[in-house]
Each structure stands twice: as structure tokens, then as C-alpha cells.
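A.B. asks: build me a structure from this.
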Amino acid sequence: MSCFCQVDTQRWQAVTMEQLLADLEDLLAIGSVGGTPAEGQAQDWVAATLRSWGWDVEHWTDDPVAHRNDPDYPGMEVARPSVTGVIGRPPGSRGTRLILGHTDVVPGGPSPTLDVRTIRGRGAVDMKAGLVAGMHAARTAGGDIAVCAVSGEEDGGIGTYLALQHGLTARQCVIPEPTALAIIPANAGSLTFRIILPGVSAHGARRWDGHNALEALPEVMSRLQALESERNSDVPEILASWPLAYPISIGRVEGGDWPSTVMGELRLEGRYGVRLYETITAAQQAFEESLVGTGAVVEWFGGRFAPGSTPTEHPLVQQVSAAHQAVTGEPPSVYGATYGSDLRQLVAAGIPTIQYGPGDAALAHSDDEEVPVEQVRVCRDVLTAWLRSDT
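C.D. replies: Here you go, the predicted structure:
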């Protein structure tokens, strides 16, 4: 009898995995780049899929501009006329355990392909494979669970912000972001900055009549490097494994309008890491004070990712650790991440949250974005075991 049951279980698992991969293939085919119409289409796909399972689904569309003056507004870096979100629950569920994931992706990347070992495509790692694995885990586990799909995570987190405005609640949450099946209970924060270095334009043949804005750049870079070093001198253990827990990087440089004109202005745009437990206001103040005397003007724009964390001793961390060990036979790694995510909004709302999902975050947003099928399967099985476990 046990032999036949084992065979039946293996066949069922193979069938359900085949359906999971088919669903993932459908979602990857939607090029849901932030700010495009396809961003909403991916949310529509999630809503339709959950409804096809007989779930109760809330499916809304909001105007993000109406919230831009809210105190906790998370910011956006791409223009959107609307934001669509989805919350699904099995009939009768209160949704005390939550799977939350985003469907928006960044531009570029490989075209979607799938074979027996690997899933490739923009969003495969970040984070459509994790979301679909979480959806299927929730469907298999049933009970008092919910799935929330959001958009706008890549550039601030407006989707999760609006989901909370729509009454999203839970006792615990897992975000299946790419962690290579490690548990991440803490995220540093990040801010997007613009530094404007003023100069005075003049004809290049009489450059002494002007002032080249570029001349201030070495001092500004030296100040930023010193600030980065100082901010990384005392890092909490949860983030201590990284070369830099709170990096400062320049991603865009723009200056000048003609080769034979003295540069009248230089603009630098980049990313600034916010320390764990630090407020955004304090982080901004430290940045601005570091550049006093350089002539630099600092502007803040785009996403505002505050840091956030769930204590490693919290029951949620222990439960997912136990589920991972039961499925794989090994304890999971537990560490913090240097990037910002929706985790901080859920923790701030009183929902203990961790990240646990398939794929290597180093491949996210890359031309080699791919995730092993086996990691997707393990993620599904671990999340199923967690959702079925006692709270």
C-alpha cells in the first residue's frame, strides 16, 4: 500500500510541477516593465488565475498621484497613470499567512525560455518564479492563507503601499524574492540622489572667463568615499558578510552641452544605502552634511526604501527554517540583504516578514537572468510546508 501511495504522490507532484511551470511560462510571456500597460496585464493574469482556482479575489486600480503627498509615500521612478493590485484568498480564509510578490520587471534581459533544468527570461529571477511558486504553495496548502500580487516594487514599492491602504493584513508574510533559498529577515534601505555641481559657462578659447563644474568632482567623490567608509565601520551581524552593507554608487553622469564650451553644470545621480534602524531623514542629513563646502546641491527623487527587519529569533524565521530543513535535509543560511524591498513596508505595518525564494539575486536585472527549476520546486515545497505548519 505504501509503495502505491508513494508512486501516486510522485505522479501528483510531477503533474502539479508541470502546471506550475506552465503558469510561470505564461507570466514570463507578459513583458511587465514598470510604467507600461503590460504591468497591469500581469496583475490581471494573477487575478484571473486565482479566480480560476475558485478563490475570492480583490482586484483594484488606483491613481498613484493621488497619494504622492502622503507622509509614507514610497516614491516612484517611472511615470504611471495607474497601479493595479490583487489580493486572493480561498473561500472563508482570513489570510493570516501571506505570500506577497511583485510582477513588475526592469527593461531588457533575455527572452523567456524553459527547459527541464532552467527557466530564463526577464523577471524569472526577480521575481516571477518565486511568486508563481508561492501561489502554487498556497493553493496546495489551503487554509487561512492569502496571496497578494503587486506592481511598482522595482522603483519604490507603490503597489504594496496601496495594498496596505486597501486593508491588507496578516500575522506573517513571506516574500519569495530571489534568495537562492536562504532566509533574509532584514534589508538595508536605499535612496536615489542627484548632485548638482554648478559652474560658469564660457567659450573654451577663453576658459578663464568661466568655471568648469567638473573641477569639483574629485572633492565630491573623495567626500562620498569617506562617508561610505564611515557608514560601513559598524555593521550589524546580520549584514556583516557583505563587502559593503551600505554602498554609495554613481549610476549616471551628465554635464556640458558643447565640446568648446566650459561646462556650466554637472549632474550626478546614484544610489545611497540607508543603514539598518536608521531613519530616512537621518540618512539624508548625513549625506548632505558630508558635501558641505563643495558647492554641491543635493536633490532626492524616486523610490524611498527605508530599512526593515524581522528578528532572527522570531517564530516566522524558525518555522521557515524548519520547513526548509524538512524538505532539503539541511538548515538554511540566514543573513540580511543590502537592497531595499517591500519587506520594510510590511514590517512597518506590524506584519513580521522575511524573504525566501528561488534564484540568485546576482542574476536579477542581468542579461543572464535564469533560475534553476529545482530551486523553484524546493521553494514551492518549503512554502507549502510552512503554510501547513502550526502558527
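A.B. asks: which SSE is Glu254 in?
C.D. replies: Using DSSP states H and E, Glu254 sits in strand 248-255.
A.B. asks: hmm, I was thinking of Met135
C.D. replies: Taking DSSP H and E as the definition, Met135 sits inside helix 129-141.
A.B. asks: and what of Tyr246?
C.D. replies: Judged by DSSP H and E, Tyr246 forms part of no helix or strand.
A.B. asks: check what pLDDT it gets.
C.D. replies: Per-residue pLDDT puts Tyr246 at 98.
A.B. asks: how about the nearest residue to Glu219, chain neighbours excluded?
C.D. replies: Spatial nearest neighbour of Glu219, excluding adjacent residues (CB to CB, 6 or more residues apart in numbering): Thr294 at 5.4 Å. Heads up, the C-betas are built off the backbone N, CA and C, glycines and all.
A.B. asks: give the contact list for that neighbour.
C.D. replies: With contact set as CB atoms under 8 Å, 6 or more residues apart in numbering, Thr294 has these partners: Leu197, Ala216, Glu219, Val220, Arg223.
A.B. asks: 10 Å instead?
C.D. replies: The neighbours of Thr294, taking CB atoms under 10 Å, 6 or more residues apart in numbering as the test, are Ile195, Leu197, Ala216, Leu217, Glu219, Val220, Ser222, Arg223.
A.B. asks: list buried members of the residues you listed by neighbour count.
C.D. replies: For those, a burial check counting by 16 or more other CB atoms under 10 Å picks out Ile195, Leu197, Ala216, Leu217, Val220, Arg223.
A.B. asks: elements contacting the helix or strand hosting the second one?
C.D. replies: Right, Leu197. Using DSSP H and E, Leu197 sits within strand 189-198. Contact here means 3 or more CB pairs under 10 Å, 6 or more residues apart in numbering; DSSP states H and E; on that basis strand 189-198 packs against helix 217-231, strand 248-255, strand 265-274, helix 280-290, strand 297-305.
A.B. asks: buried residues, it. List them.
C.D. replies: Judged by neighbour count using 16+ other CB under 10 Å, the buried positions of strand 189-198 are Gly189, Ser190, Leu191, Thr192, Phe193, Arg194, Ile195, Leu197.
A.B. asks: for the fifth one, give the beta-bridge partners.
C.D. replies: The residues listed as beta-bridge partners of Phe193 by DSSP bridges are Gly270, Trp300.
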